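Novice: Please work out how this folds:
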Amino acid sequence: MPRPSKFDYKVLENSACLSGSGTNYRKELRRISWNEQPETFDLRMWHYNDAGQEFALRGTTLTDSEMEVLIQEMLKYQGGAYGKHD
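Specialist: Numbers count the residues shown, from 1 in each chain. Predicted coordinates for the structure are as follows:
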């Protein structure tokens, strides 16, 4: 399937700003619908210019089921399951 030359998106929820680099770049977790497709979790860097426009940089999208797996793995990590050797 050919890739679209322009990406349209609709932000459904701004969940969290994870980090920022100055005032022009931020890593954010959002709920987004890209190109009128079903909504996904979206984790990426965003660039904000001086006019307040935002531009999507590299990132990744996760379906609800992928996010659930990630949450479960992070809970294991937080509980100390990773890095322990028997």
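Novice: just for the chain, where's the confidence low?
Specialist: In the predicted model of the chain, residues 1-5, 83-86 satisfy pLDDT under 70.
Novice: where exactly do the helices run in it?
Specialist: 64-78 (DSSP state H).
Novice: Going along the chain, name the strands of it.
Specialist: In the chain, the strands defined using DSSP state E lie at 9-21, 25-34, 40-48, 54-62.
Novice: Could you export those as TSV, including distance to Q78?
Specialist: C-betas here are computed from N, CA, C, even on glycine. Listed next are those as TSV, based on distance: least, Cβ to Cβ, whole Å:
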stretch	distance to Q78
strand 9-21	16
strand 25-34	17
strand 40-48	18
strand 54-62	18
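Novice: mind giving me JSON lines with those and columns for mean neighbour count and distance to V69?
Specialist: Converted to JSON lines, the strands of the chain look like this (neighbours: other Cβ atoms under 10 Å; distance: least, Cβ to Cβ, whole Å):
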{"stretch": "strand 9-21", "mean neighbour count": "12", "distance to V69": "17"}
{"stretch": "strand 25-34", "mean neighbour count": "18", "distance to V69": "16"}
{"stretch": "strand 40-48", "mean neighbour count": "17", "distance to V69": "12"}
{"stretch": "strand 54-62", "mean neighbour count": "13", "distance to V69": "9"}
